[in-house]
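Enquirer: Need a 3D model of the sequence below.
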Amino acid sequence: MPELAIEFENGRKSFEPGEEISVTLSWDLASPPDAIELRAVWNTEGKGTTDLGIEHSVTIDSPNSTETRKLTFELPEAPYSFSGNLISLVWALEVVVKPSDQSCREEFTMAPGATEVILTPVVQTGRFKMGV
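Expert: As a prediction, this is how the structure comes out:
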């Protein structure tokens, strides 16, 4: 059975914006693929349409069928990981085998303080008046 794995350095899965992170990719495939691609992606989950973005991508051309590689890259400054009542934004690393599109995904948090932002309802304490 083909295997793919993403391992975060020291098992750490929470990061600051702009921080450099290191991961180890490993694969054991039946035959050598054309390429292996690592993507740092984000997507929204919840009500409404799903938004997604690929913020970083590294392609390993002509890899062996079985390998382990360490990769390091810098995260962007935004968007932050967050959760609210209606929507959440989730960061993940994805490894994709080309041309088969076999893949694996590991989620992580990226926000100030390396802690997911929790959105809470705003309590209205007064009325808003418009001047005439």
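Enquirer: May I ask which helix or strand encompasses the residue positioned nearest the centre of the chain?
Expert: Centroid-nearest residue in the chain, with CA atoms, centre = their mean: Ala92, separated by 2.0 Å. Ala92 is part of strand 87-98, with elements assigned from DSSP states H and E.
Enquirer: Show me what that strand is in contact with.
Expert: 2, 4, 6, 23, 25, 27, 29, 33-48, 79-82, 102-110 (CB atoms under 8 Å, 6 or more residues apart in numbering). Just so you know, the C-beta spots here come from the backbone N, C-alpha and C atoms, and that holds for glycine as well.
Enquirer: Now list the buried members of the residues you listed.
Expert: Among these, those classed as buried by 16 or more other CB atoms under 10 Å are 4, 6, 23, 25, 27, 29, 33, 36-42, 44, 79-82, 102, 108-110.
Enquirer: from these, which ones fall inside helices?
Expert: Members of these lying in helices (criterion: DSSP state H): none.
Enquirer: Appreciated, that's everything.
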